[in-house]
Every structure is written in C-alpha cells, then in structure tokens.
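**Q** Could you look at this predicted model? Sequence included:
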Amino acid sequence: MDSQARLAVVTGGSRGLGYEVAKSLIANGDRVVIVSQDIARAKKAANELGCESQCVDLADLDATRRTFELIQSKYGVPQVLVLAHGVMSEKMSKTLRTTTEEWRRVMAINLDSVFVAINTICPAMAQARDGRVIIFTACLGRMSGPGNAGGLAPYRISKAGVNALVRNLAHETGLGARGFLVDATCPNHTRTDMGGPDAPRSVEEGAKTAIWLATREFDPAKDKTGLFWEDRKTIDW
C-alpha cells in the first residue's frame, strides 16, 4: 500500500456493502484495511481488492478493541473509518419474545462493537483533525415514520442506538468544525447476504452514499455532518 495515500478502515469489507465501499476507495487511490470475521473470506477479498485485512469476531468486544489497536499501531491513524458490518435479528424477535441471548448477540455486533471501534481508533482521528466516520445504519432504526413500529426488536433498537451515537458524537466533536466528520447512512433494502437476492437495490446503489461521504469535499462553512443520509440527501432521525 502507498504509505502517502489516505488510510481507510472498512468493517464488513469481505462482502456486500463493505466490499463495494473498499473497492471504490481503492479505486480512489486510498490504502484500505478491511475487517472481517471470516479469515478465508477476508483473505480472498483482500487478494481480489489488493488491500490488507484483519479478522475478528466483532461480538467479542475485547478482541475488537485489540484488533483496532493493532490496526492503528501497524498502519497508522486512518483518515476514513467505514463501519459496514451488522446482523439481522431473528424474524420473530419481538420485544416480549426475544431471548436474552438473541438480544445480546444483535446488540454486541450492531451497536457495542461500533462503540468499541470508535472509542478505540477515533480519538487519534479527532486529534489529527482529519477524520471521516461513516456508519451503515437502517431506516428501521428511525424514531420517525415506521422505523420503530414493531417487530425485529433487537435489530431496530440497535440501529436506533447507532443513530443516537452518530448524532451525539458529531455534536461532541464540533459538527465538522474541527476536521472530524461523522455520519450515518441508510443503504435501504439491498441485495446482500442480509437483504437477500430479491431486494430492490443493488450493492452499488446501497453503497453509493457511503462512498460519497468518504470522498466528498467538505467546507465547514456551508457543508454539514452529524446527519442521517439516504441517497445523498438527509432524512429525519
């Protein structure tokens, strides 16, 4: 990897939306490290993309922290962090029927690991005043409209937590005035392993807004961060 290029870390980078983001960032000239749970899939994706890879079970929060510490010590402080990993909850996981195990599984991967990744690697990004964090979330996590309107409770609530984390972190770090940007994006129903083959949107369509957020020109005097984006437009939380 070109040591002078921007460093981007992409979770979920061995497939789906994360893979598409990693591919586009590499085409943009960035050096990329993908993070994946599956060692064989990560190596295959890294070989295809021409990038580096790290493997970790993101449900293991201690291992997740160690992995992000390793990434920073080995590759340096990234300028871009894209968190594209996530899991769906079981179909019948309504609040009154969800098991503790299912609740913890989904929260650990969808929300807790997002916090750990940010908490580990973003202090240096914020201090450098040169960082962009883009998190794939979901419209099912919105507090407006049909977002939290029942069913798939662990998934919806974990994504609502991610949305709150993004908004809170953006305000804590000056809403872009200090060179640190943080945004959420909803890819909508996309043809990934989670979305299924009959989803209406392609992976390219689902990843487009995240790629734009990672590469856009940003003028703090007129541009905004700390928002929820869908198809390059802001939507209500």
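**A** Cool, got the structure. Numbers count the residues shown, from 1 in each chain.

**Q** rest of the way, CA atoms for contacts and neighbours
**A** Fine.

**Q** Just the endpoints, please. Distance across stretch 141-149?
**A** By CA to CA, to the nearest Å, the extent of stretch 141-149 from end to end equals 10 Å.

**Q** same question but for stretch 181-193, I mixed them up
**A** 29 Å.

**Q** for stretch 220-233, same thing?
**A** The straight-line separation of the ends of stretch 220-233 (CA to CA) is 17 Å.

**Q** what does stretch 208-223 give?
**A** 19 Å.

**Q** Contacts for it, please.
**A** Contact with stretch 208-223 is made by 21, 24-25, 80, 82, 132-136, 176-177, 183, 185, 187, 229-232, as judged by CA atoms under 8 Å, 6 or more residues apart in numbering.

**Q** So which of those are in strands?
**A** Mapping the contacts of stretch 208-223 onto strands (DSSP state E) picks out 80, 82, 132-136, 183, 185, 229-230.

**Q** Just send those back as a markdown table, with distance to Leu111 and neighbour count too.
**A** Output for the ones in strands among the contacts of stretch 208-223, formatted as a markdown table (distance: CA to CA, whole Å; neighbours: other CA atoms under 10 Å):
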| residue | distance to Leu111 | neighbour count |
| --- | --- | --- |
| Val80 | 19 | 27 |
| Val82 | 14 | 27 |
| Arg132 | 18 | 25 |
| Val133 | 15 | 26 |
| Ile134 | 14 | 23 |
| Ile135 | 11 | 24 |
| Phe136 | 11 | 27 |
| Asp183 | 15 | 27 |
| Thr185 | 15 | 28 |
| Trp229 | 18 | 23 |
| Glu230 | 20 | 19 |
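
**Q** so where's this structure shaky on pLDDT?
**A** 1-3 (pLDDT under 70).

**Q** try 80 this time
**A** Along the chain, the model assigns pLDDT under 80 to residues 1-3, 91-92, 145-150.

**Q** can you give me the strands in it?
**A** 7-11, 31-36, 52-55, 80-83, 131-136, 180-185, 228-230, 233-235.
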